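Enquirer: A predicted structure for the sequence below; I have some questions about it.
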Amino acid sequence: MGREKTVKVGGIDGGAFYSKAARDFIYVLWAKTTKDLSEEASAAYSFPASMGVKEMTSITWNQNEIRINGNTVQLTGSPVFIRI
């Protein structure tokens, strides 16, 4: 199954899938909230060094793309799509 999997690390939830059309892996990540009915949360996620991630693109729900240098992304309680 490769990288297509569920991501659960500490305060992070998410999943991964392969975009055949874009030939990219897309990760959907968000910080877990501890408050019921709230999206207030924050966490940082670092992709494992073994993946060799040196840059990524963060895509918000409204299609804004932000290039991120490095292998760490800051998360909130709202899902974000990460293309690597």
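Expert: Yep, that arrived.
Enquirer: all strands for the protein, in order.
Expert: With DSSP state E as the criterion, the chain has strands at 6-9, 12-19, 24-31, 42-46, 55-59, 65-69, 72-76, 80-83.
Enquirer: in TSV: the ones you listed, plus mean neighbour count and mean pLDDT.
Expert: No exception for glycine: its C-beta is placed from N, CA and C like everyone else's. Converted to TSV, these look like this (neighbours: other CB atoms under 10 Å; pLDDT from 0 to 100):
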stretch	mean neighbour count	mean pLDDT
strand 6-9	12	57
strand 12-19	16	70
strand 24-31	19	85
strand 42-46	15	89
strand 55-59	16	94
strand 65-69	10	95
strand 72-76	16	91
strand 80-83	19	90
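Enquirer: V73 and I82 touch, don't they?
Expert: Yes: V73 is within contact range of I82, at 6.0 Å (criterion: CB atoms under 8 Å).
Enquirer: shared neighbours of these two, anything?
Expert: 29, 56, 58 (CB atoms under 8 Å, 6 or more residues apart in numbering).
Enquirer: nearest to S78 among those?
Expert: Distance to S78 across the shared contacts of V73 and I82 (CB to CB) is lowest for L29, with 10.2 Å.
Enquirer: name the nearest residue to T57, sequence neighbours excluded.
Expert: In space, and not counting its chain neighbours, T57 is closest to R83: 4.5 Å by CB to CB, 6 or more residues apart in numbering.
Enquirer: separation between L37 and A49?
Expert: Separation of L37 from A49 (CB to CB, to the nearest Å): 37 Å.
Enquirer: of the two, who's got more company?
Expert: Shown here are L37 and A49; by other CB atoms under 10 Å, A49 has more neighbours (8 against 5).
Enquirer: residue most distant from the centroid, the chain?
Expert: Distance from the C-alpha centroid of the chain peaks at D36, with 21.9 Å (CA atoms, centre = their mean).
Enquirer: measure it to G77 for me?
Expert: D36 sits 12 Å away from G77, going by CB to CB.
Enquirer: equivalent analysis for A31, please.
Expert: The spacing between A31 and G77, counted by CB to CB, is 6 Å.
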